[in-house]
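# Would you be able to build a 3D model of this:
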Amino acid sequence: MSKEVTIKKKHRQSFGDTMLSVCCYIFFAICAFLCLYPFYYIFINTISANDLSSRGIILWWPQGVHFKNYASALGIDGLFQAAKISIGRTVIGTVATVSASAFLGFMFTQNKMWHRKLWYRLIIATMYFNAGIIPWFLVMKNMHLTNNFWGYILPAIVSPFHIVLTKTFVESIPKELQEAAEMDGAGIMTVFFKVMIPVIKPIMATVAIFAAVNQWNAFQDTLLLVTDTKLYPLQFVLYQYLNQASSLSALANSTSSSSLAAAAATTQTATSIRMTITVIVVLPIMMVYPVFQKYFVKGIMIGAVKG
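Model (predicted):
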């Protein structure tokens, strides 16, 4: 009994420690609230009466709940075809970028690679210098990548930033792992696939998140390269729809006052359209991120230790 009492006394917190813990919990609760509230605010405004939402009245709880904003957004012509393009470019582009970054990041740590420092510096140089949009467009056109699905994929495969992260992570792995495999007769490709891939999963997950977000959110390349509506990604279709917000709002305001009063709660406004599109765009990323979160933090921490 005396030992148990002694242990309890040792673990009993002082008043100062207790207050510090309370302050930490309050601080982190405030930080969590500041991170979550903006998305909550946007969501409740998408399902609330549009006339109240446009006036900034909806702050904490939805009022006049309806789902016509989402019904209108899902009724956009070509939306599901655009969703297929976005999902396709995100999945294929992410796999290609992760594979290239993992392999090149590994190879740039190998002394056996011919002029590895030269190739590495040339790739890194592209982070600081580029020829601009016009030469880039001409190159893409000469390679027949305009109005081509692969125009979304190929330019993003080799990413200097992702290669640097992967290379730094690989350099943190003990050399003894590779040396032991080579003593058993493993070649460079065997070492990469059988030894390195299982070890560098955290940084691969980190690169996957970055690449997936970039591909999912991209639509500027569509503006420059694509005129075929069948190749429009989801972001570009929603971008066009968003540009119609002001005209839709003006059309609603030009109707008679009696009809406007009757339909004000569900008549789309610029605010309701912007917020609905925001939810549609952000939700898939929020659903995917928790799957990779445990690898993401580790990959960033280790990948940022060395230069």
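# CA atoms for contacts and neighbours, from now on please.
Noted.
# which stretches of the stretch 151-300 of the chain have low pLDDT?
In the predicted model of the stretch 151-300 of the chain, residues 245-270, 292-300 satisfy pLDDT under 70.
# 80 instead, please
Within the stretch 151-300 of the chain, the segments meeting pLDDT under 80 span 178, 186, 239-278, 280-300.
# quick one, helices of it?
Using DSSP state H, counting those that start in this stretch, the helices of the stretch 151-300 of the chain run over residues 160-171, 175-183, 188-190, 197-199, 201-217, 220-225, 234-243, 245-253, 257-263, 270-303.
# Figure out which of these is closest to Gly56.
Closest approach to Gly56 among those (C-alpha to C-alpha): helix 270-303, 9.4 Å.
# what about the helix or strand hosting Lys117, average pLDDT?
Using DSSP states H and E, Lys117 maps to helix 116-125. Averaged over helix 116-125, pLDDT sits at 84.
# just to revisit the earlier point, any chance of the helices of the stretch 151-300 of the chain in a markdown table with distance to Val95 as columns?
Shown next, in a markdown table, are the helices of the stretch 151-300 of the chain (distance: least, C-alpha to C-alpha, whole Å):
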| stretch | distance to Val95 |
| --- | --- |
| helix 160-171 | 13 |
| helix 175-183 | 25 |
| helix 188-190 | 18 |
| helix 197-199 | 14 |
| helix 201-217 | 7 |
| helix 220-225 | 19 |
| helix 234-243 | 20 |
| helix 245-253 | 35 |
| helix 257-263 | 47 |
| helix 270-303 | 14 |
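# Give the next helix or strand downstream of the helix or strand harbouring Ile26.
Element membership for Ile26 (DSSP H and E) is helix 15-46. Downstream of helix 15-46, the next assigned helix or strand under DSSP H and E is helix 50-54.
# So which bits of the helix or strand just after that next one are buried?
Proceeding N to C from helix 50-54, the next assigned helix or strand is helix 68-74, under DSSP H and E. Across helix 68-74, burial judged by 16 or more other C-alpha atoms under 10 Å covers Lys68, Asn69, Tyr70, Ala73.
# Enumerate every residue touching Ile163.
Listed by C-alpha atoms under 8 Å, 6 or more residues apart in numbering, the contact partners of Ile163 are Ser101, Ala102, Leu104, Gly105.
# Report the separation between the residue nearest the centre of the chain and Leu283.
For the chain, the residue nearest the mean C-alpha position is Val213 (2.4 Å; C-alpha atoms, centre = their mean). Noted for Val213: a distance of 12 Å to Leu283, by C-alpha to C-alpha, to the nearest Å.
# do the same with Ile44
For Ile44 relative to Leu283 (C-alpha to C-alpha), the value is 14 Å.
# Neighbour count: those two, which is higher?
Using other C-alpha atoms under 10 Å as the criterion, Ile44 and Leu283 rank with Ile44 on top: 20 against 11.
# which non-adjacent residue is nearest the more buried one?
Excluding its sequence neighbours, the residue lying closest to Ile44 (C-alpha to C-alpha, 6 or more residues apart in numbering) is Pro62, at 5.2 Å.
# who touches the one you found in this structure?
Ile44, Asn45, Ile47, Ser48.
# Name the member of those residues with the most neighbours.
Among the contacts of Pro62, the one with the most neighbours (other C-alpha under 10 Å) is Asn45, at 27 neighbours.
# I figured it hits Ser53, correct?
Yes - proximity of Asn45 to Ser53 meets the contact threshold set by C-alpha atoms under 8 Å, at 5.6 Å.
# where do the contact lists of the two overlap?
In contact with both Asn45 and Ser53: Ser272, using C-alpha under 8 Å, 6+ apart.
# sorry, back to before: pLDDT score assigned to the residue nearest to Ile44?
At Pro62, pLDDT is 79.
# Then Gly307?
44.
# ok, and what's touching the helix holding Lys117?
With C-alpha under 8 Å, 6+ apart as the test, helix 116-125 has contacts from Met107, Phe108, Gln110, Pro160, Phe161.
# now do 6 Å
Outside of helix 116-125, the residues within contact range by C-alpha atoms under 6 Å, 6 or more residues apart in numbering are Phe108, Pro160.
# again, but for stretch 102-110
For stretch 102-110, contacts defined as C-alpha under 6 Å, 6+ apart pick out Arg116, Ile163, Thr166, Lys167.
# Recalculate using a threshold of 8 Å.
Stretch 102-110 is contacted from outside by 113, 116-117, 120, 163-168, 170-171, 192, 197, 204, using C-alpha under 8 Å, 6+ apart.
# Identify the residue spatially nearest to Ala156, adjacent ones excluded.
Thr97 (6.7 Å).
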